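[1] only the shape, not the letters, is given here:
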């Protein structure tokens, strides 16, 4: 025999207080007859037997806000049942596992019911990978690249992830852990503006070659200049 929590204050709530007695009986009946995930196999014939005097059309109209119909009308999902009985579902709690499986079977987590905490739906072997992927977002990487212009942040992120996997490490705050990683003396630093200086030097060389070619075309180039042009071309 299943035992469940019951709301003793329901007798004080206006919506319940205004129900006719046979409707109150039906509501208590359906809360007892639904399964542990709040799903009732619609059977008004049996409901009539236990709740004498109910009218199906009337019941559907009166309780339309208290249930969600699915599976072509064969089943009802009782609104707020999960929240009242379990709070937020956690896959790591044994009592919740079968409830979650039941909800997933009928895809009930998509019915605007924030029932399952998505951070707890990850398999153990994927927890490190998924968690750092979610927390260390693209926006966060851009923020770090702005703050650490002398570090290749994305290369270091790959190293950080490999380290976590190889050591089986987990952190409460992956952002803070990665920030500390970047502050480490072991992280190689990029020489400031090195790429800019190289690009500037290449540009000067290209401009000089263009100048020499122009002078050669105008018959102003010396023999030494022509030799220089040939050396640049071969390089």
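    All right, it came through fine. What you see is a predicted model, and the numbers here were worked out from it, not measured in a lab.

[2] quick one, what contacts the closest residue to residue 108 other than its chain neighbours?
    Distance criterion Cβ to Cβ, 6 or more residues apart in numbering; nearest residue to residue 108, sequence neighbours excluded, is residue 77 at 5.7 Å. In this view, the C-beta of every residue, glycine as well, is placed from N, C-alpha and C. Residue 77 sits next to 38-40, 67-70, 106, 108, 111 when contact means Cβ atoms under 8 Å, 6 or more residues apart in numbering.

[3] how about those residues, which pair is most distant?
    40 and 111 (14.6 Å; Cβ to Cβ).

[4] more neighbours: which of the two?
    Legend: neighbour count by other Cβ atoms under 10 Å for residue 40 and residue 111, higher for residue 40 (20 against 13).

[5] the more buried one contacts residue 73, correct?
    No: contact criterion Cβ atoms under 8 Å: residue 40 and residue 73 do not qualify, at 11.7 Å.

[6] burial count for residue 55?
    When neighbours are defined as other Cβ under 10 Å, residue 55 has 14 of them.

[7] for this structure, name the helix or strand with the lowest mean pLDDT.
    For the chain, using mean pLDDT, DSSP states H and E, the weakest element among its helices and strands is helix 127-135, scoring a mean of 51.

[8] dump the residue contacts of residue 67.
    Taking Cβ under 8 Å, 6+ apart, one finds 40, 76-79 in contact with residue 67.

[9] what about it, distance to residue 153?
    Distance of residue 67 to residue 153, given as Cβ to Cβ, to the nearest Å: 51 Å.

[10] these two touch, right, residue 96 and residue 88?
    No: applying Cβ under 8 Å, one finds residue 96 not in contact with residue 88, separated by 9.2 Å.

[11] the more surrounded of the two?
    Neighbours per residue (other Cβ under 10 Å) separate residue 96 from residue 88, with residue 96 holding more: 21 against 12.

[12] and that one, what is it in contact with?
    Neighbour list for residue 96: 86, 89-90 [criterion: Cβ under 8 Å, 6+ apart].

[13] also residue 84?
    5, 7.

[14] ok, then the element right after the helix or strand in which it is found?
    Taking DSSP states H and E as the definition, residue 84 sits inside helix 81-86. Once the chain leaves helix 81-86, the next helix or strand it forms, by DSSP H and E, is helix 94-105.

[15] show me where this structure has strands.
    Secondary structure of the chain (DSSP state E): strands at 39-41, 67-70, 75-78.

[16] run through who's touching the shortest one.
    In this structure, residues lying in contact with strand 39-41 by Cβ under 8 Å, 6+ apart are 30, 33-34, 67, 74-78, 102, 106, 108.

[17] partner strands of it, with direction?
    As defined by DSSP bridges, the strand partners of strand 39-41 come to strand 75-78 (antiparallel).

[18] check the second one too.
    In the sheet containing strand 67-70, its partner strands are strand 75-78 (antiparallel), by DSSP bridges.

[19] for the partner strand, what is the average pLDDT?
    Mean pLDDT, computed over strand 75-78, is 95.
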